[in-house]
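Undergrad: Fold the following and give me the result.
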Amino acid sequence: MSATTYIILAYTAIVLGLGGYIGFLMSRSAELGKRERQIELLGGDDVR
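TA: Numbers count the residues shown, from 1 in each chain. Presented below is the predicted three-dimensional model:
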């Protein structure tokens, strides 16, 4: 394989990795938002 092929494969791996990481962060953020609302409903007045 040529150097260009390796560069394209590396770029693809980086893009897929970043996409997966951003997806993970978004799902984690949604979970934390749900938890925050749950704490507020339970009377956690000290939540910022």
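
Undergrad: Flag the shaky bits of this structure, pLDDT-wise.
TA: 44-48 (pLDDT under 70).

Undergrad: Could you check how far the most centrally placed residue in the chain is from I39?
TA: Note on the chain: the residue nearest the mean C-alpha position is L25, at 1.9 Å, using Cα atoms, centre = their mean. Going from L25 to I39 by Cβ to Cβ, to the nearest Å gives 21 Å. In this view, the C-beta of every residue, glycine as well, is placed from N, C-alpha and C.

Undergrad: Same check on G19?
TA: Taken as Cβ to Cβ, the span from G19 to I39 is 31 Å.

Undergrad: Who has more neighbours out of the two?
TA: Higher neighbour count among G19 and I39: I39, with 13 against 10, using other Cβ atoms under 10 Å.

Undergrad: neighbours around I14, how many?
TA: I14 has 10 neighbouring residues, counting by other Cβ under 10 Å.

Undergrad: so it is in which element?
TA: Assigned by DSSP states H and E, I14 belongs to helix 3-41.

Undergrad: what's the distance between that helix and the middle of its chain?
TA: Averaging C-alpha positions (Cα atoms, centre = their mean, to the nearest Å) puts helix 3-41 3 Å from its chain's average.

Undergrad: now swap in stretch 2-18 and tell me
TA: Relative to its parent chain, stretch 2-18 has a centroid offset of 21 Å by Cα atoms, centre = their mean.

Undergrad: Alpha carbons only: can I get that stretch in PDB?
TA: What follows is stretch 2-18, C-alpha atoms only, in PDB (Å, rounded to 0.1, in the frame of the first residue of the first chain):
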ATOM      1  CA  SER A   2       1.100   3.500  -0.700                       C
ATOM      2  CA  ALA A   3       1.700   6.300   1.800                       C
ATOM      3  CA  THR A   4      -1.500   8.000   0.700                       C
ATOM      4  CA  THR A   5      -3.600   4.900   1.600                       C
ATOM      5  CA  TYR A   6      -2.100   4.900   5.100                       C
ATOM      6  CA  ILE A   7      -2.800   8.500   5.500                       C
ATOM      7  CA  ILE A   8      -6.500   8.000   4.400                       C
ATOM      8  CA  LEU A   9      -6.800   5.000   6.800                       C
ATOM      9  CA  ALA A  10      -5.300   7.000   9.700                       C
ATOM     10  CA  TYR A  11      -7.600  10.000   9.000                       C
ATOM     11  CA  THR A  12     -10.600   7.700   8.900                       C
ATOM     12  CA  ALA A  13      -9.700   6.200  12.200                       C
ATOM     13  CA  ILE A  14      -9.300   9.600  13.800                       C
ATOM     14  CA  VAL A  15     -12.600  10.900  12.400                       C
ATOM     15  CA  LEU A  16     -14.400   7.700  13.600                       C
ATOM     16  CA  GLY A  17     -12.700   8.000  17.000                       C
ATOM     17  CA  LEU A  18     -13.700  11.700  17.400                       C
END
